[in-house]
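[1] predicted model, plus sequence, below.
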Amino acid sequence: MTKKKVLFISAGIYPIPANMGGAVEELIDVFAENNRKHGRFDVSVASCRYGGKEIKRKVEGVKYRYFRTPLYVKVKDKIYHFYSEKILKDWKSLFRQNYYKGRHYIEQIVKKTDLREFDVIVVENNMSLLKTLSDALGDDYSKKCMYHMHSNLIDNEEMIPYLARARKILAVSDFVKNLLYDTVPQFKDTQIEKVGNGIKIEKLEPKNEREIRTAVRNEYSIKEDETVFLFCGRVSPEKGVLEMTKAYAAAIPELGRSKLMIVGSGLSGSNKETYYYKQIKKIAREHPNNVILTGYVNHGEVHKYHVAADALVVPSIMDDPAPLTVLEGMSRGMYLLLSNVGGIPEYTRSYENKIMFERDDDFEQNIRSAMLKFYGEYSAAGYERKPVYFDDAQYYENLAEAIDVD
């Protein structure tokens with residue numbers, strides 16, 4: 001039987017394979033790696049080119065199609081972002097850092113790729129690509145094109161008609177699915193299907209966990225009797241990292257022997273310091289014995305910090321639809337301190353080791369109270385880690401079923 005030919009169009013910001021990071025990019029890799037084992041589809045992936053780093057870790061059997069961004073396009077984006085952020089003070093400027101890059105990227109894909117050869121085209125979390133793709137596909141757009149929505153936010157309202165005409169919208173949680181139906185009337189006749197996220201997790205033996213825990217703690221001069229609160233991910237405003245850091249700093253006298261470890265940077269794949277990151281760094285300098293900033297860490301190394309820490313804090317301000325860091329924490333059986341927002345309650349509904357806190361006017365105090373509660377109950381006694389896995393193989397099966405249409 002002839003395999004269906006599937007083209008994944010990545011967002012075009014970070015390369016595939018995900019050597020520069022990016023949660024969505026990691027999920028494309030997860031699908032590709034599982035498809036290599038099962039051989040269900042003939043998979044192609046469109047990706048931006050990024051200094052040659054995309055040539056590493058390619059998945060056997062996947063056809064990678066790379067598109068380079070010229071220097072003049074990058075310059076236009078810098079000027080446009082500066083104008084949008086500093087002059088217009090538009091909150092959407094965050095989503096326009098790669099406006100011209102995205103336009104050039106999809107134009108090159110359409111120009112250099114025979115889209116007719118594919119049975120299914122999956123656009124990954126960059127809705128600005130849809131109009132050009134629709135123009136190129138014509139009537140085939142509604143038959144072949146699916147949009148994989150990893151966010152709850154429609155940041156480009158001009159794309160709503162093209163989202164509505166897609167074969168399917170694949171939503172990462174029921175939260176996103178229901179929100180789209182409830183808030184966008186144009187979607188009433190659009191098929192929106194939930195495809196829950198999954199992750200590839202390396203299962204460790206107890207002996208290996210002890211060795212990793214000791215090694216990481218020694219590297220950062222953390223004593224075994226010190227409680228480590230961990231944040232992993234992009235250090236940016238919507239993630240609530242500054243509020244978390246302030247909450248922890250205010251509670252240091254009550255938290256006794258503890259550390260706050262922040263693993264990540266302001267930009268995926270880079271240690272370039274944003275203004276936001278510098279605010280957090282300032283607090284870290286004021287509390288050098290308690291706040292640790294690791295900077296960017298390759299995704300393949302993040303699990304070591306999960307093992308070394310005692311509690312994972314996810315202080316999202318945005319309605320996070322399905323943050324992978326939560327799934328990773330559960331897969332290590334960690335105690336989770338979580339914002340009660342977005343899809344987080346949905347993914348953790350049956351998970352025992354958690355404290356939820358509200359995102360309201362007392363947000364910082366709520367985070368502080370959650371930290372103090374955990375510290376008071378578990379800093380000395382510890383807790384039993386009970387991993388719950390969101391298996392990458394199940395993610396593959398769910399997404400495969402969703403895209404395997406006639």
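    On my side now, so go ahead. This one's a predicted model, so the numbers in the text were calculated from it and none came from an experiment.
[2] ok, G329 to Y181 distance?
    Remark: distance between G329 and Y181 (CB to CB, to the nearest Å) = 29 Å. All C-beta atoms are positioned from the backbone trio N, CA, C, and that covers glycine.
[3] which one of these two has more residues nearby?
    G329 (29 against 15; other CB atoms under 10 Å).
[4] give me the buried positions along the helix or strand encompassing the more buried one.
    For G329, the host element (DSSP states H and E) is helix 324-331. Buried residues in helix 324-331, defined by neighbour count with 16 or more other CB atoms under 10 Å: L324, T325, V326, L327, E328, G329, M330, S331.
[5] the nearest residue to the first one once chain neighbours are set aside: what's it in contact with?
    Once its chain neighbours are removed from consideration, L324 has its nearest residue in A23; the separation is 4.9 Å (CB to CB, 6 or more residues apart in numbering). For A23, the set of contacting residues under the criterion of CB atoms under 8 Å, 6 or more residues apart in numbering consists of H150, P323, L324.
[6] same thing but 10 Å
    When contacts are counted by CB atoms under 10 Å, 6 or more residues apart in numbering, A23 touches 14, 125, 150, 197, 199, 233-234, 268, 299, 322-325.
[7] burial count for the residue lying closest to F363 once chain neighbours are set aside?
    Distances taken as CB to CB, 6+ apart place E243 nearest to F363, at 5.6 Å, with adjacent residues excluded. By other CB under 10 Å, the residues close to E243 number 20.
[8] wait, E243 touches I283, no?
    No: with contact defined as CB atoms under 10 Å, E243 and I283 do not form a contacting pair (11.1 Å).
[9] for my notes, confirm V43 occurs in a helix.
    No: per DSSP: H, G, I helix; E, B strand; the rest coil, V43 lies outside any helix segment and is strand.
[10] now it, which residues is it bridged with?
    V6 (DSSP bridges).
[11] now do the phi/psi pair for N98.
    Dihedral pair for N98: phi -130, psi 40, per degrees, to the nearest 10.
[12] and what of L170?
    Per-residue torsions, L170: phi -100, psi 110 (degrees, to the nearest 10).
[13] what sits against it?
    Applying CB under 10 Å, 6+ apart, the residues near L170 are 122-124, 146-150, 176-177, 191-195, 398-399, 402-403.
[14] repeat for M127
    M127 makes contacts with 11, 95, 102, 147, 149, 151, 153-160, 162-163, 166, 169, as judged by CB under 10 Å, 6+ apart.
[15] can you get me the start-to-end distance on stretch 195-209?
    Using CA to CA, to the nearest Å, the end-to-end distance of stretch 195-209 comes out at 31 Å.
[16] equivalent analysis for stretch 290-304, please.
    19 Å.
[17] in that stretch, what's buried?
    Here stretch 290-304 shows N290, V291, I292, L293, T294, Y296, H299, V302, H303, K304 as buried, counting by 16+ other CB under 10 Å.
[18] just stretch 235-254 next, same as before
    235-237, 239-249, 251.
[19] so which of these are in helices?
    Residues of these located in helices (DSSP state H): V241, L242, E243, M244, T245, K246, A247, Y248, A249, A251.
[20] you'd agree the fifth one is up against I280?
    This means T245. Yes: shown here, T245 and I280 form a contact pair, counting by CB under 10 Å, at 5.2 Å.
[21] overlap of the contact sets of the two?
    In contact with both T245 and I280: F231, V235, I262, V291, L293, using CB under 10 Å, 6+ apart.
[22] list the contacts of the second one.
    It refers to V235. So V235 contacts 241-242, 245, 262-267, 273-274, 276-277, 279-281, 293, 295-296 (CB under 10 Å, 6+ apart).
[23] pretty sure I154 contacts L163?
    Yes: using CB under 10 Å, I154 makes contact with L163 at a distance of 7.6 Å.
[24] which of the two has more residues huddled nearby?
    Set side by side, I154 and L163 show unequal neighbour counts under other CB under 10 Å, the larger going to L163 at 22 against 16.
[25] what does the one helix or strand P345 maps to contact?
    Assessed by DSSP H and E, P345 sits inside helix 344-347. With CB under 10 Å, 6+ apart as the test, helix 344-347 has contacts from 172-176, 194, 196-197, 314, 316, 319-324, 326-327, 330, 336, 338-339, 354, 356, 388, 390.
[26] list only buried entries from these.
    The neighbour count (16+ other CB under 10 Å) marks 172-173, 175-176, 194, 196-197, 314, 316, 319-324, 326-327, 330, 336, 338-339, 354, 388, 390 as buried among those.
[27] looking at these, which are in helices?
    Going by DSSP H, the helices hold F175, V176, L324, V326, L327, M330 from the buried ones among the contacts of helix 344-347.
[28] which ones are touching the fourth one?
    When contacts are counted by CB under 10 Å, 6+ apart, V326 touches 197, 199, 233, 312, 314, 316, 320, 334, 336, 338, 343-344, 347-348, 351, 354, 390.
[29] 7 Å instead?
    Contacts for V326 were tallied using CB atoms under 7 Å, 6 or more residues apart in numbering; they are V314, L336, L338, I344, Y347, T348.
[30] counting by contacts, list what the helix or strand of the chain with the lowest mean pLDDT packs against.
    Least confident helix or strand, the chain: helix 71-82 with a mean of 86, by mean pLDDT, DSSP states H and E. Here helix 71-82 touches helix 99-112, going by 3 or more CB pairs under 7 Å, 6 or more residues apart in numbering; DSSP states H and E.
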